[in-house]
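Asker: sequence and computational prediction follow.
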Amino acid sequence: MGRYLRAAWGVATLTSVFGCAGSTSIDPRSTVFFKLDAPLCSSVIPVQFHIDDALVGQDTFVVHLANEHTKSRGFVTTAGRHKLGGGIFGSQNGWFDTTVTLRAGETFTDTLHFYCS
């Protein structure tokens, strides 16, 4: 009977050691998309995206033309408060900045309003 008890204790020990390794909880990251709202444009518009004033990406939006493309890929960031913005590629000035507080695992779409003149 002692041999079975030792085997059961060994399995329980291994389960507790290796079972805890996978239980570490990490909050899921948040994802931000950028969407261009340019109702009066028919154009190709190169845009750069910022999170907390850091350049995170760029894309070329196609508005009201063949193969329309007005939404960026997702950019992963941490949960918490962030400043989001976008602007014409190569320009130091953004045309729209907003501050949001993202929850862990949240997906947020920042709408960039742009008017052609």
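Answerer: Thanks, I have the structure now.

Asker: which regions of the chain lie under the pLDDT threshold?
Answerer: In the predicted model of the chain, residues 1-26, 91-94 satisfy pLDDT under 70.

Asker: swap the cut-off to 90 and go again
Answerer: For the chain, the stretches with pLDDT under 90 are 1-28, 38-41, 87-97, 113-117.

Asker: helices along that one, start to end?
Answerer: Listed in chain order, the helices of the chain (DSSP state H) span 2-21.

Asker: tell me how many other residues crowd L55.
Answerer: 10 (other CB atoms under 10 Å). C-betas here are computed from N, CA, C, even on glycine.

Asker: so what's it closest to, chain neighbours aside?
Answerer: With CB to CB, 6 or more residues apart in numbering as the criterion, L55 has its nearest non-adjacent residue at 5.9 Å, and that residue is Q48.

Asker: so what's the one you found up against?
Answerer: L55, G57, Q58, G86, G87, I88, F89, G90, S91 (CB atoms under 8 Å, 6 or more residues apart in numbering).

Asker: let's see that with 7 Å instead.
Answerer: Neighbouring residues of Q48 by CB atoms under 7 Å, 6 or more residues apart in numbering: L55, Q58, G86, G87, F89.

Asker: how much space between it and G80?
Answerer: Applying CB to CB, to the nearest Å, the value for Q48 to G80 is 22 Å.

Asker: spatially central, which residue of this structure would that be?
Answerer: Geometric centre of the chain, nearest residue: T31, 2.1 Å, by CA atoms, centre = their mean.

Asker: that residue contacts T78, doesn't it?
Answerer: No: with contact defined as CB atoms under 7 Å, T31 does not count as touching T78 (11.0 Å).

Asker: residues in contact with the residue nearest to the centre of the chain?
Answerer: G74, F75, V76, T107.
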